[in-house]
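> Make a model of this:
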Amino acid sequence: MNLQVHLLSRITVAALICLLATSGWVLLRHQQQISQNAQVSSDALVKQLEFQLLRINTGYQADKQFPDFDLWKQTSHTQGICLHYLPDAFGVERSLCSGIPVQTTNPPDWFDQGCRRFFHPGLILQRNIRFNGKNAGTLTISTDPELAIAQAWDAVSNLLGLSLVTILTVSVLLYWLISRALRPAQQIVNGLERIRHGDLAHRIPEFSLQEWAQTATAINQLAATQQQLLNERQQLLSKLINSQEEERHYLARELHDEFGQYLTGIQALAASISHSAGQTCPALQAEAQQIGSYTQTLHDSLKNLLQRLRPAELEELGLATALHSMLAVWHRINPDTLYHLQISGDCRQLSAALSLSLYRLIQEGITNIAKHAGAGNVEIDLAINSVNVCLRIADNGILGVLPLPGGSGLGVLGMRERVSALSGQFSLAVAQPHGLIIQISLPLNSGKADI
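You can find the predicted model right below:
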């Protein structure tokens, strides 16, 4: 839920609760006012009737007029009160309802039932009229519950109308104020999204509110720390990969100089033995030829190993020729797989380090496809421009979903780490209907690193 809507809904609920409590208080006060008016009227009537008894006793008033409610009727302004006098020793039974009902709105049923259940309108008071120590009669005063409920509804409906208008106005104003106060939140979210996607150089601007300013400062410090850690990690990866390439170069040189020399000597010695055995001991000739065959196999394996450790074509003929040569070797190894290489741009503008990195990335990608993908078609697209180098390796292998089964594997991990050391971008996607797509983007100046 949107934070603005969430806060506004909470404020509205609180306002409605306060409105409900206020309405209850108004109804309670209205009922208390009715009770107070009835009590005042009863006290006044009792005094009037007792005074009438005094006048009758002194001969100033005829006893047939008792009880006389005319004075109370003229002076009372209370509506919805009914009087009933029941004589006990003096007077006649008489009833009177005073007040003219005002024009009121019929309350809804739920309000009528609620008032009757919780406030019990319709008060009944009984007062004894006494004179000379004797009980002359009983005066009963009752209030009209219908009129009381109608008057209560008028009061509450007016309050509700005013309160709802006030709540609506305040809600609109609060929504506008909250929107202005939370406006930096969207900037912070956008900044975090950019940082999450690798733009660690992005910084969130400063804000006037202290809470937002502290949040922005903390995020900027975190991004700066992550940028520093990433730079240190890239430097370490660069050194590790450089050391790896130096070790490969050393191994290639040692294998070529030592093992190559001995294998050549063994092959020459086997040929000499085979020639001599053909003249003196024909039984040894087959064994000598077998030694020569084994030596040739070792020599071919050593040549392939040297090609993987330090491709001579890359140093002598350039990246494009080295890639075509590597694909030709893989085609001989896996004749059921078709390899397609498309190069756009000039490979000569690449540094030696960047050319070697691209060669290693393609080499590792093809090796992973040969080991795990079971693909029949592999497409390699290399695009070079003045800003960056884009590499795409796609196959139609068995992969259907990401992540890769059994984890990323050392091959993909090594490719990711090499790309990270070059400050590039690495991503994996599933081809349609199946297969894997590896996309790599490297800045052209990344070749300045000694990798």
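> so where does the closest residue to Gly260 other than its chain neighbours fall, helix or strand?
Leaving aside its sequence neighbours, Gly260 sits nearest to Leu302 (CB to CB, 6 or more residues apart in numbering; 6.3 Å). (Each C-beta comes from the backbone N, C-alpha and C, glycine too.) Using DSSP states H and E, Leu302 maps to helix 282-309.
> C-terminal to that helix, what's the next element?
Sequence order places helix 312-317 as the next helix or strand after helix 282-309, per DSSP H and E.
> Pull the residues that contact that next one.
Residues outside helix 312-317 that contact it (CB atoms under 8 Å, 6 or more residues apart in numbering): 306, 321-322, 325, 352, 355-356, 359.
> For the closest residue to Phe119 other than its chain neighbours, pull up the helix or strand it's in.
Excluding the flanking residues, the one nearest Phe119 by CB to CB, 6+ apart is Gln31, at 4.9 Å. Take DSSP H and E as the rule and Gln31 turns out to sit in helix 3-58.
> what about the helices in the chain?
In the chain, the helices defined using DSSP state H lie at 3-58, 70-75, 109-118, 145-181, 183-196, 210-254, 260-280, 282-309, 312-317, 319-333, 352-368, 409-421.
> can you put the ones you listed in JSON lines and add distance to His340, mean pLDDT and mean neighbour count?
Shown next, in JSON lines, are the helices of the chain (distance: least, CB to CB, whole Å; pLDDT from 0 to 100; neighbours: other CB atoms under 10 Å):
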{"stretch": "helix 3-58", "distance to His340": "52", "mean pLDDT": "83", "mean neighbour count": "15"}
{"stretch": "helix 70-75", "distance to His340": "112", "mean pLDDT": "74", "mean neighbour count": "12"}
{"stretch": "helix 109-118", "distance to His340": "78", "mean pLDDT": "84", "mean neighbour count": "13"}
{"stretch": "helix 145-181", "distance to His340": "55", "mean pLDDT": "83", "mean neighbour count": "15"}
{"stretch": "helix 183-196", "distance to His340": "35", "mean pLDDT": "86", "mean neighbour count": "14"}
{"stretch": "helix 210-254", "distance to His340": "28", "mean pLDDT": "81", "mean neighbour count": "14"}
{"stretch": "helix 260-280", "distance to His340": "34", "mean pLDDT": "78", "mean neighbour count": "14"}
{"stretch": "helix 282-309", "distance to His340": "21", "mean pLDDT": "77", "mean neighbour count": "14"}
{"stretch": "helix 312-317", "distance to His340": "19", "mean pLDDT": "74", "mean neighbour count": "14"}
{"stretch": "helix 319-333", "distance to His340": "9", "mean pLDDT": "86", "mean neighbour count": "16"}
{"stretch": "helix 352-368", "distance to His340": "12", "mean pLDDT": "87", "mean neighbour count": "21"}
{"stretch": "helix 409-421", "distance to His340": "20", "mean pLDDT": "78", "mean neighbour count": "18"}
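> For Ala429, find the nearest of these.
helix 409-421 (12.8 Å; CB to CB).
> Check which helices and strands the closest one sits against.
Helices and strands touching helix 409-421, by 3 or more CB pairs under 8 Å, 6 or more residues apart in numbering; DSSP states H and E, are helix 210-254, helix 352-368, strand 425-430, strand 436-443.
> Report the angle between the second one and strand 436-443.
In this case it means helix 352-368. Counting by axes from the mean of the first three to the mean of the last three CA atoms, to 10 degrees, helix 352-368 lies at 170 degrees to strand 436-443.
> Mind listing what's buried along the top strand by length along the chain?
What stands out as the longest strand in the chain, according to DSSP state E, is strand 134-143. Neighbour-count burial for strand 134-143 flags 136-137, 139, 141-143 (criterion: 16 or more other CB atoms under 10 Å).
> taking these as a set, which two sit the farthest apart in space?
Every pair of the buried residues of strand 134-143 checked by CB to CB; the farthest is Ala136 and Thr143, at 24.0 Å.
> possible to save the contacts of helix 312-317 as CSV with distance to Tyr85?
Output for those, formatted as CSV (distance: CB to CB, whole Å):
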residue, distance to Tyr85
Leu306, 129
Thr321, 127
Ala322, 124
Ser325, 126
Ala352, 122
Ser355, 119
Leu356, 119
Tyr359, 119
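> For Ala277, state which of these is nearest.
For those, the nearest to Ala277 is Leu306 (31.7 Å; CB to CB).
> Settle this for me: the closest one is touching His256, isn't it.
Yes - at 5.9 Å, Leu306 counts as touching His256 under the criterion of CB atoms under 8 Å.
> Next, work out how far apart the residue of the chain most remote from its centre and Leu49 are.
Most distant residue from the mean C-alpha position of the chain: Gly59, 93.1 Å away (CA atoms, centre = their mean). To Leu49, Gly59 is 18 Å away according to CB to CB, to the nearest Å.
> ditto for Leu147
Counting by CB to CB - Leu147 and Leu49 are separated by 25 Å.
> what's the answer for Thr217, then?
83 Å.
> do Gly260 as well
138 Å.
> next one: Lys371
Applying CB to CB, the value for Lys371 to Leu49 is 115 Å.
> And Arg10, by the same measure?
59 Å.
> Near the closest residue to Gln226 other than its chain neighbours, how many other residues are there?
Residue nearest to Gln226 in three dimensions, not counting chain neighbours: Leu200, with 5.4 Å by CB to CB, 6+ apart. By other CB atoms under 10 Å, the residues close to Leu200 number 19.
> Contact partners for Leu200?
By CB under 8 Å, 6+ apart, the neighbours of Leu200 are 223-224, 226-227, 230.
> The same query, at a cut-off of 6 Å, please.
Applying CB atoms under 6 Å, 6 or more residues apart in numbering, we find Leu200 in contact with 223, 226-227.
> Check Phe259 too.
By CB under 6 Å, 6+ apart, the contact set of Phe259 is Leu302.
> Thr166 now?
Counting by CB under 6 Å, 6+ apart, there are no residues that Thr166 touches.
> Give the closest residue to Arg233 in space, chain neighbours not counted.
Going by CB to CB, 6+ apart, Arg233 has Ser420 as its nearest residue, at 7.4 Å.
> quick one: the one you found from Ser357, how far?
In terms of CB to CB, Ser420 sits 12 Å off from Ser357.
> Kindly report the same for Asp112.
For Asp112, the distance to Ser357 equals 85 Å [CB to CB].
> on that earlier part again, which other helices and strands contact the longest strand of the chain?
On a contact count with 3 or more CB pairs under 6 Å, 6 or more residues apart in numbering; DSSP states H and E, strand 134-143 meets helix 3-58, strand 81-87, strand 124-131.
> by how many degrees do it and strand 81-87 diverge?
160 degrees.
> relative to strand 124-131, how tilted is strand 134-143?
Per the same axes, to 10 degrees, the angle that strand 134-143 makes with strand 124-131 is 160 degrees.
> Could you export strand 134-143 as CSV, CA atoms only?
Taking C-alpha atoms only, strand 134-143 is exported to CSV below (Å, rounded to 0.1, in the frame of the first residue of the first chain):
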residue,chain,number,x,y,z
LYS,A,134,-51.1,15.2,54.0
ASN,A,135,-50.8,13.7,50.6
ALA,A,136,-53.2,15.5,48.2
GLY,A,137,-52.2,13.5,45.1
THR,A,138,-49.5,12.2,42.8
LEU,A,139,-48.1,14.2,39.8
THR,A,140,-46.5,12.1,37.0
ILE,A,141,-44.2,13.9,34.5
SER,A,142,-43.1,12.0,31.4
THR,A,143,-41.1,13.0,28.3
